[in-house]
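Chemist: generate a structure from the sequence data that follows.
(one chain, ligands or ions: 2)
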Amino acid sequence: MSLIVDLLLMLIDVTYSILCAVVRTFLHPRLKSIDGELCLITGAGGVLGRLFALEFAKEGAHLILWDCNTAANEQTAQLARKLGVEVRTYTVDLSKRQSIYETAGRVRAEVGDVDILVNNAGVVAGQRLLECPDELLERTLLVNCHALFWMTKAFLPQMKARNHGHIVTIASALGLFTTAFVEDYCASKFGAVGFHESLAHELRAENHYGIKTTLVCPYIIDTGMFAGCEIRKEIQSLIPPLEPLYTAQ
Ligand SMILES: NC(=O)C1=CN([C@@H]2O[C@H](COP(=O)(O)OP(=O)(O)OC[C@H]3O[C@@H](n4cnc5c(N)ncnc54)[C@H](OP(=O)(O)O)[C@@H]3O)[C@@H](O)[C@H]2O)C=CC1
Ligand SMILES: CC1=C(/C=C/C(C)=C/C=C/C(C)=C/C=O)C(C)(C)CCC1
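Modeler: Ligands and ions are numbered 1, 2, ... in the order given. Model (predicted):
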């Protein structure tokens, strides 16, 4: 009996979500202007991070780009500068709390208050749990989940003081449901989703309506991060990987 009720509830939920998506296809939500805003993107040397940087730059936002890969981060910066915005790059290890706090201090001193924070950097161990070195499993939690605490502690106070800001969490569909062999990733992304939801509640409870939050939970994107990941052959063509540019836009 409870299985039938569960199935019915799921059907109502899915139907409602599809209806909302159809309505949004025709009635686009109002876009807010980010012209002149200061936007910090983590993992900006990666595939999605670079595309986010370029999309934000096209809208006139100035950029602060963070990545552990200095060369890739600089490449993103060069591409963004061609679009006429100011860009600063910082090399940082998001798996280390001290590295985050030190770099955040430099940003506050050298550039000023961040308006939009895009927590995009992410990693996956990519090995079976029992064969995976402990450090690699730990790193996934540190980068995908713990870093959200430290980034928010570093930049939310100035947002609260101005009642202005936006915190974007790039989580994953694997923060909403699970599949096999990605225990570290699922644990970290479920953590990211929980973090986002609690933070959104906090901002509402404190009447900080000028600070927005956005949670992004994409399915597999064609960036190479999940290159070996395949779904059942029968449904592969029905749900192909997402295009990186489509996802960023
Ligand atoms: N690709 C996919 O299928 C999906 C991805 N996502 C999420 O989207 C986000 C972006 O993914 P994607 O663009 O594919 O990944 P990429 O690997 O292309 O980009 C991630 C970037 O983050 C950097 N990075 C990794 N670890 C650290 C660290 N400790 N400190 C600082 N920077 C670091 C990487 O540097 P380096 O390359 O040197 O490690 C890289 O430049 C991630 O959060 C991911 O979980 C969500 C759903 C699906
Ligand atoms: C869509 C879908 C499925 C597979 C989902 C997968 C495999 C998602 C992987 C997401 C990743 C790797 C995200 C990275 O952040 C199932 C379970 C077959 C059931 C049918 C719907």
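
Chemist: list phi and psi for P240.
Modeler: Phi and psi for P240, reported as degrees, to the nearest 10, are phi -70, psi 160.

Chemist: could you check how far it is from ligand 2?
Modeler: Using CB to the nearest ligand atom, to the nearest Å, P240 is found at 11 Å from ligand 2. For every residue, glycine as well, the C-beta is placed using N, CA and C.

Chemist: so which bits of stretch 226-245 are buried?
Modeler: Neighbour-count burial for stretch 226-245 flags F226, P241, L242, P244 (criterion: 16 or more other CB atoms under 10 Å).

Chemist: which of the helices and strands in this structure ranks last by mean pLDDT?
Modeler: Counting by mean pLDDT, DSSP states H and E, the chain has its least confident helix or strand at helix 233-236, which shows a mean of 86.

Chemist: ok, the residue sitting nearest the centre point of the chain - contacts?
Modeler: Geometric centre of the chain, nearest residue: I170, 1.7 Å, by CA atoms, centre = their mean. Neighbouring residues of I170 by CB atoms under 8 Å, 6 or more residues apart in numbering: L48, V118, N119, N120, G122, V216, P218.

Chemist: now render those residues as a markdown table, adding pLDDT, neighbour count and secondary structure.
Modeler: Compiled in a markdown table, the contacts of I170 are given as follows (pLDDT from 0 to 100; neighbours: other CB atoms under 10 Å; DSSP: H, G, I helix; E, B strand; the rest coil):
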| residue | pLDDT | neighbour count | secondary structure |
| --- | --- | --- | --- |
| L48 | 98 | 24 | helix |
| V118 | 99 | 26 | strand |
| N119 | 99 | 25 | strand |
| N120 | 98 | 24 | coil |
| G122 | 98 | 24 | coil |
| V216 | 98 | 19 | strand |
| P218 | 97 | 18 | coil |
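
Chemist: just send those residues back as JSON lines, with distance to L11 too.
Modeler: Output for the contacts of I170, formatted as JSON lines (distance: CB to CB, whole Å):
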{"residue": "L48", "distance to L11": "32"}
{"residue": "V118", "distance to L11": "34"}
{"residue": "N119", "distance to L11": "33"}
{"residue": "N120", "distance to L11": "34"}
{"residue": "G122", "distance to L11": "32"}
{"residue": "V216", "distance to L11": "25"}
{"residue": "P218", "distance to L11": "24"}
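
Chemist: what about the nearest residue to L142 once chain neighbours are set aside, how many residues nearby?
Modeler: Spatial nearest neighbour of L142, chain neighbours left out: S95 (4.0 Å); criterion: CB to CB, 6 or more residues apart in numbering. Neighbourhood size, S95 [other CB atoms under 10 Å]: 20.

Chemist: ok, S95 - contacts?
Modeler: R139, L142, V143, H146, A147.

Chemist: next, the fourth one: secondary structure please.
Modeler: When you say that, I think you mean H146. At H146 the chain is in helix, as set by DSSP: H, G, I helix; E, B strand; the rest coil.

Chemist: before we move on, the earlier item: most neighbours among the contacts of S95, please name it.
Modeler: A147 (26 neighbours).

Chemist: any idea how far the closest residue to L94 other than its chain neighbours lies from T91?
Modeler: Spatial nearest neighbour of L94, chain neighbours left out: A147 (4.3 Å); criterion: CB to CB, 6+ apart. According to CB to CB, to the nearest Å, A147 and T91 sit 15 Å apart.
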